[in-house]
Structure formats: structure tokens, C-alpha cells
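# Structure for the following, please:
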Amino acid sequence: MKFDKQKEIELALIAQQISGLTLKVQAELLAITSTYTELFVGDFDAYSLPEKTAICHFREQYEKTNWQSFVSDTFDILDRTNARVIPITSEQYPPQLLHISSAPPVLYIRGSIDNLHLPQIAVVGSRKMTKGGQRNAHDFSRFLANSGFVITSGLALGIDGAAHTGAMEAHSGTTIGVVATGIDKIYPKQHRYLAEKIIASGGSLVSEFRPATDPLPRHFPQRNRLISGLSVGVLVVEAAIKSGSLITARTALEQNREVFSVPGSIHSPQSKGCHWLIKQGATLVEEAEDIITQLAGSLAGLDQALSQGKMSHKVGMDFDQDERVLLDIMGFDLIDLDTLIEGSKWSVKKLTQMLICLELRGAIDSQNGHYQRRV
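Predicted coordinates for the structure are as follows:
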């Protein structure tokens, strides 16, 4: 049977409506069938008896219901909002989410899908931000976006909004807003303009909730684990002791992501959560360069051999053609971004993304907006 991507999407949406087909059960069945198509309409003669029994149970529920109206209504909403669906079985599904606990079976997205596959840093914090917190969230996000990271946050009031705005003000910045509603709804309403601006600037909005879903309280912890799951690290700018930002930080640690925290006044309630995170082992950061330095060590996956003169071989083996061209252009002397732009054939966005990937792998250094080849 020829694989039909549209049919796979429809079956993935239907699977979310079938009683008993929880996230855990879906993961277990997809480990057997690989696709929703195989689960619901494929030939399963090759499976063992227990596997057939489980598949047949849910296949019977699928077959006894007419899903045409549900599918049609869902795609009508998605078409009106210019949104798309990415099932977990798709090659477009962000790989960093595949291994988190209870990975969302489907994602709804408005804007660029490509952003989901780029290195992301989550910037989160208090809705009741201080002026200093607003400035830090904005400036850190702008610097990190200029360094090639996509800034991911929750579209909430306060720190989230400042992070999204700072990223969009970067030279080639991109940002992702992860929402706790259906992709067709914006919450809070005050951020409708910000949401549209994110999409217009090349960013993305992402949700795991079906269209028309309201912002229920239980959805926000789920949203937070998606924010951290998409990212390589989480920066907490301001947070009270009891806050959603600390939930995001905790899920980040559970997902083996780096957690960074900006310290503040010992007298400010908005700094108590950040100080608590630092006591628990989060990395204290005073400037955005601290984050890039820390991530370069953790993401490169390099062992002690790198410090014993073997870096050139180990890192260089993974260069693609464009990266080799960029390294040749760069040379071993300090060079600024404008000069690299003039000397290369790539867009600013692609160039900055390549630079951050090379830096994370230890192939280049960055110093105050200048770059230098190491290998």
C-alpha cells in the first residue's frame, strides 16, 4: 500500500479522539507499527498475537465511527488560520521532542516549520516582571538570536513577551511561541498583535492542543514541558518561588536540558525563584555569552580527547560542504559578521545558523561579535 502523508495526518488526528489511546499507549503501538496508517488500516499479519489483540481493539473503535465530519471540521479551522499538522510519525517532527516523556503525538503549527529543527533556547520568567527583568529578557534574547539561536517562549505577558520581542529585533532573529490553547486561539488576548508579528517575521506558533481548545489551567504545565523539550537550554530571567517558570526549569532538568538563571536583588520576590534554581545547580549567568560558552561544552559532545590535541580530526569529520567553505572564508584571524556576509553567498539567517552550529561543535570561537576558526 502506497504511503499517503495526508491520510497519515488524518489518522493521527483521529487517534487523539479514540478512548483509551493515551500518549503512552500510542507510543507503545507506534513502536510496533511505525505509522498511524499501519495501525488503523495496514496489514498486521506479521505481528504477534498480543500485538494483534491491541491493534484490533483500537482498530474496531476507528472502524465503527464515521470520522468524516470531525476531519473536515478540523481542517476547516486549520485552513482559516493557515495552520498545519505534524504527526510524530512525520520527518518534519522536531527530533529533540522524540525522546522526552509523553512526547506530543501531533503538533499544530502556524508559520515556519523549519524553526523547529534549529537550535533553540527557551527564555521564560514572571508575568509580573520588573523593569530590570524586562531589559534582561529583551537583551539576552536579542543577543542569543543574533548568535543563531531561535528564542522559544510561551507568549505570556511579562518576560515571555519581552523575549519574543528581543528576538525579533535581532539582526536575523527568529522566535517560537508555544501556546496552551488551540492553534486558532491566542491567549492572552493582549498578545494577538505579538502573535501575528511573530509569524510575519518568520517565526512560529506551536500547540499540541486541538483547535478551539481554551486556555485551561492544566494545559500550562503541559505547554511548559514542550517549551523546554524543544530547546537545548532554558534561561529563567525572573521567577517567584511558586511559578510556571520553575515548572519549566524542572522539566528541563528531567529532559537533560541545561538550565540557566539570572540573579537579582535578594529583596525582590521576583528573584527568589532564580536564586533557588542557582542553589539547586542551575548555571548563574550575568551575560548572554555565559550561555553560549556553557552550551558549547555540553552540546558538542566532545570528550577529553579534544583537550589532548585530537580536536581537528574529531570535529572536522562532520563538516558538510557549506561549513568547509565557511571555514575557508573565515581563516584563523578574527573576522566580523559583516565581513563574513560580504564574503559568502548565504543569507544572514543561514550564515548565523551555521556559525552557531560550528561554535557549538567547538570548531570556531566568538568574541564580541567577531569569529575565529579553531580547527
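# which residues does the most centrally placed residue in the chain contact?
When CA atoms, centre = their mean is applied to the chain, the residue found nearest the centroid is L230 (2.6 Å). By CB atoms under 8 Å, 6 or more residues apart in numbering, the contact list for L230 reads P94, Q96, L97, L116, Q120, A122, T152, I176, V178, V206. The C-beta positions use only the backbone N, C-alpha and C, and glycine is treated the same way.
# Drop anything exposed from those residues.
Among those, those classed as buried by 16 or more other CB atoms under 10 Å are P94, Q96, L97, L116, Q120, A122, T152, I176, V178, V206.
# Now the element after the host helix or strand of the last one, going C-ward?
Counting by DSSP states H and E, the element that carries V206 is strand 204-207. With elements assigned by DSSP H and E, the helix or strand that comes after strand 204-207 is helix 219-230.
# Of the contacts of L230, which belong to strands?
Q120, A122, T152, I176, V178, V206 (DSSP state E).
# how about CSV for those, with distance to D328 added?
CSV is the format used below for the ones in strands among the contacts of L230 (distance: CB to CB, whole Å):
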residue, distance to D328
Q120, 29
A122, 34
T152, 33
I176, 33
V178, 38
V206, 37
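# of these, closest to Q6?
V206 (20.6 Å; CB to CB).
# In the sheet, which residues pair with the closest one? Tell me.
Following DSSP bridges, V206 is listed with bridge partners I109, V178.
# hang on, the earlier thing: next, format the contacts of L230 as a markdown table and append pLDDT and distance to G281.
Shown next, in a markdown table, are those (pLDDT from 0 to 100; distance: CB to CB, whole Å):
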| residue | pLDDT | distance to G281 |
| --- | --- | --- |
| P94 | 90 | 26 |
| Q96 | 86 | 22 |
| L97 | 92 | 24 |
| L116 | 92 | 28 |
| Q120 | 93 | 22 |
| A122 | 97 | 18 |
| T152 | 98 | 22 |
| I176 | 98 | 26 |
| V178 | 98 | 25 |
| V206 | 98 | 29 |
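# Out of these, the closest to L30 would be?
Nearest member of the contacts of L230 to L30, counting by CB to CB, is L97, at 13.9 Å.
# quick one, what contacts the closest one?
Per CB under 8 Å, 6+ apart, neighbours of L97: A103, P104, L226, G229, L230.
# With distance to E10 and pLDDT added, can I get those residues in JSON lines?
Output for the contacts of L97, formatted as JSON lines (distance: CB to CB, whole Å; pLDDT from 0 to 100):
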{"residue": "A103", "distance to E10": "20", "pLDDT": "94"}
{"residue": "P104", "distance to E10": "17", "pLDDT": "96"}
{"residue": "L226", "distance to E10": "23", "pLDDT": "97"}
{"residue": "G229", "distance to E10": "25", "pLDDT": "96"}
{"residue": "L230", "distance to E10": "25", "pLDDT": "96"}
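# among the residues you listed, which ones are buried?
A103, P104, L226, G229, L230.
# quick one: the first one and R225, what's the gap?
Distance, A103 to R225, using CB to CB, to the nearest Å: 10 Å.
# just checking, what packs against the strand holding V206?
strand 106-111, strand 175-178, helix 192-200 (3 or more CB pairs under 8 Å, 6 or more residues apart in numbering; DSSP states H and E).
# quick one: contacts of the shortest one?
Residues external to strand 175-178 that are found in contact with it (CB under 8 Å, 6+ apart): 115-116, 120, 141, 145, 150-155, 160, 163-164, 167-168, 194-195, 198, 201, 203-207, 223, 226-227, 230.
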